[in-house]
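In: build me a model from this:
(2 chains)
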Amino acid sequence: MMNCEEFELRGLDLDRPDANPEAAAEAANHVHVCGRCSALLELWREVKGELRLLRDATQMNSAPMRVEMRLKQELRTRREERVPRGSVAIAVWALAAAAVLAISFGWVRTRENANKASNAAPAGTPTVASVPNVLGATDSGMLLAADYDTGEFTELPGSMPSQSNDRTVLQVRMQRGALARFGLPVEQERAAEWVSVDFLVGEDGQPQGVRLHRDSPMTPVTQ
Amino acid sequence: MMKIVEEKPDALLKRAAKGDEQAFLLLYQRHQAPLYRYALRMTGSPWAAEEVVQEVFLLLIREPQKYQAERGELGAFLFGVARNRVLKHLERTPREASLDVLSAYGSPWREPEDPLTPMMIAEKRERIEQVREAVLALPAEFREAVVLCELEEMSYEEAAQACGCPLGTIRSRLHRGRALLLAKLELLRDVPRRASAGAK
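Out: Residues are numbered from 1 along each chain as shown, chains lettered A, B, ... in the order given. As a prediction, the model looks like this:
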């Protein structure tokens, strides 16, 4: 048999659809014999009815349309943001790829230059500057401009570049006109002029390059 | 269109996360009303309820990955988010007594279908307003139990699941909520109805 304390705890569930049937039956029996609990149940039923009215009055409520509009706007903004963000990502990757290519290209070029430098003749060995097409040169006045500062020889026409380092420098004083024998064009007006010339002679005894000696006037050998 | 309606919530959510407006609106229309009503009944403020709903769905737009289908249904997840927001709101404004009348709930007063005199209508309206006030005056945990079990008419099990607490906790909260509600109504009406109310 349910007492008043138990009724207060479970008795008001009497009308609930998920109420325990046994407890509901006990509560109903208790109400028949207890005026206080009967009044409590009556009051609760009244309040329950009012709660139902309150529920019905608000049952059709939903968020106002402006909430939907704001959310739609947010969704659109995010969608629009996503597209430029994709473009920026592509641009960044493209820039990064271009930078990598440029760095690689620069590195290859640097390596090539370093290889060229290491393949050049050792220090102290005279070098020969190649002057292709000497005989076929035009009247532009650029031939045999032997450079005293660097000590480079101008390659003689028809000479074969030697792989050997065994070469000697032969210093001679001669008339400028004699240079014509080595296939170099000479100005006729200055042919009688005396000049000091260095010849680079290979191990086969053949001259390979020529340069004006430092004592000579700073004019080109020929032309 | 029918195909979209039948689509599962997580599939809709994936599409919505990619910016599919139609998919998002379907999810919104399915879930917004119960969330709004819950927030409204808990806070008593249409503005607060509106803000709660907006925040819940903004979270869904901004961080859809927070919902994991294997951990439960989307509705339950959204309710959990709404509940947290409501409780935070109540913490910020613990005793925010709404002075609005019933129309503040956002819908106009609906006349009952049965023929009543203007006097009876006014009396009924007043009683509902008193109940609303009494519910809003309950401490948040008891109010939640009353809102879920009496207004939303959830079973104890459903309410326990929604609140993430044991069944017994919901029962005791509801018992306490009912007692406070009755006491509050007696005080509001200034008429002790229980014969033993004064004696106890």
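In: from chain B, how far out is A:E112?
Out: A:E112 is 50 Å from chain B, where distance means CB to the nearest CB, to the nearest Å. (C-beta placed from N, C-alpha, C; glycine too.)
In: just A:S38 next, same as before
Out: Applying CB to the nearest CB, the value for A:S38 to chain B is 9 Å.
In: for chain B, just list every one of the helices.
Out: Counting by DSSP state H, chain B has helices at residues B:2-6, B:9-17, B:21-43, B:46-62, B:74-92, B:118-137, B:140-146, B:156-163, B:167-189.
In: for A:L51, find the nearest of these.
Out: Closest to A:L51 of these, according to CB to CB: helix B:118-137, at 5.9 Å.
In: packing partners for the closest one?
Out: Contact analysis of helix B:118-137 by 3 or more CB pairs under 8 Å, 6 or more residues apart in numbering or on different chains; DSSP states H and E lists helix A:35-58, helix B:140-146, helix B:167-189 as its packing neighbours.
In: 10 Å instead?
Out: If contacts are counted by 3 or more CB pairs under 10 Å, 6 or more residues apart in numbering or on different chains; DSSP states H and E, helix B:118-137 sits against helix A:35-58, helix B:21-43, helix B:140-146, helix B:167-189.
In: center of chain A - which residue?
Out: When CA atoms, centre = their mean is applied to chain A, the residue found nearest the centroid is A:A96 (2.2 Å).
In: A helix includes that residue, no?
Out: Yes - in this structure, A:A96 lies within a helix as judged by DSSP: H, G, I helix; E, B strand; the rest coil.
In: could you measure from it over to chain B?
Out: Relative to chain B, A:A96 is positioned 27 Å away (CB to the nearest CB).
In: point out where chain A drops to low pLDDT.
Out: In the predicted model, chain A carries pLDDT under 70 at residues A:83-86, A:120-151, A:161-164, A:214-223.
In: could you pull out the strands in it for me?
Out: A:128-129, A:153-155, A:168-175, A:194-201, A:207-212 (DSSP state E).
In: neighbouring strands - and their directions - for the third one?
Out: Using DSSP bridges, the neighbouring strands of strand A:168-175 in the sheet come out as strand A:194-201 (antiparallel).
In: now could you export just the CA positions of the partner strand as PDB?
Out: Presented in PDB, the C-alpha positions along strand A:194-201 are these (Å, rounded to 0.1, in the frame of the first residue of the first chain):
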ATOM      1  CA  TRP A 194     108.900  47.900 -85.700                       C
ATOM      2  CA  VAL A 195     106.900  46.100 -82.900                       C
ATOM      3  CA  SER A 196     107.700  43.700 -80.100                       C
ATOM      4  CA  VAL A 197     105.600  40.600 -80.400                       C
ATOM      5  CA  ASP A 198     105.200  37.500 -78.200                       C
ATOM      6  CA  PHE A 199     104.500  34.300 -80.000                       C
ATOM      7  CA  LEU A 200     103.000  31.300 -78.200                       C
ATOM      8  CA  VAL A 201     104.800  28.300 -79.700                       C
END
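In: compute the inter-axis angle for that strand and strand A:207-212.
Out: Counting by axes from the mean of the first three to the mean of the last three CA atoms, to 10 degrees, strand A:194-201 lies at 150 degrees to strand A:207-212.
In: quick one: buried residues of strand A:194-201?
Out: Using 16 or more other CB atoms under 10 Å in any protein chain shown as the test for burial, strand A:194-201 gives A:V195, A:V197, A:D198, A:F199, A:L200.
In: wait, which of these is closest to chain B?
Out: A:L200 (77.0 Å; CB to the nearest CB).
In: and the nearest residue to the closest one once chain neighbours are set aside, how far from B:T93?
Out: For A:L200, ignoring the flanking residues on the chain, the nearest one in space by CB to CB, 6 or more residues apart in numbering or on different chains is A:G209 at 3.9 Å. Separation of A:G209 from B:T93 (CB to CB, to the nearest Å) stands at 99 Å.
In: then B:R41?
Out: 16 Å.
In: who has more neighbours out of the two?
Out: Neighbours were counted for B:R41 and for B:T93 using other CB atoms under 10 Å in any protein chain shown; B:R41 has more, 26 against 12.
In: I'd guessed that one sits against B:C149; true?
Out: No - under the criterion of CB atoms under 10 Å, B:R41 is not in contact with B:C149, lying 12.0 Å apart.
In: the domain parsing of chain B - what is it?
Out: B:1-100, B:112-192 (automatic domain parsing).
In: ok, now chain A?
Out: Domain assignment of chain A by automatic domain parsing yields the ranges A:4-58, A:64-120, A:128-212.
In: out of those domains, flag the one nearest B:A140.
Out: The closest of the domains of chain A to B:A140 is domain A:4-58. By CB to CB, the value is 17.8 Å.
In: and for chain A, the residue most distant from the center?
Out: Distance from the C-alpha centroid of chain A peaks at A:V33, with 90.2 Å (CA atoms, centre = their mean).
In: for that one, give its distance to A:C4.
Out: A:V33 is 10 Å from A:C4, where distance means CB to CB.
In: same check on B:A145?
Out: From B:A145 across to A:C4, the span is 22 Å (CB to CB).
In: those two: which is more packed in?
Out: Using other CB under 10 Å, the more surrounded residue of B:A145 and A:C4 is B:A145, with 27 against 15.
In: in chain B, what helix or strand scores lowest on average pLDDT?
Out: Between all helices and strands in chain B, the lowest mean by mean pLDDT, DSSP states H and E belongs to helix B:2-6, at a mean of 53.
In: centroid-nearest residue for chain B?
Out: Note: chain B centre (CA atoms, centre = their mean) maps to B:Y38, 1.5 Å.
In: for that residue, give me its contacts.
Out: By CB atoms under 10 Å, 6 or more residues apart in numbering or on different chains, the residues touching B:Y38 are B:49, B:52-53, B:79, B:82-83, B:86, B:144, B:147-148, B:151-152, B:162.
In: great, nothing more from me.
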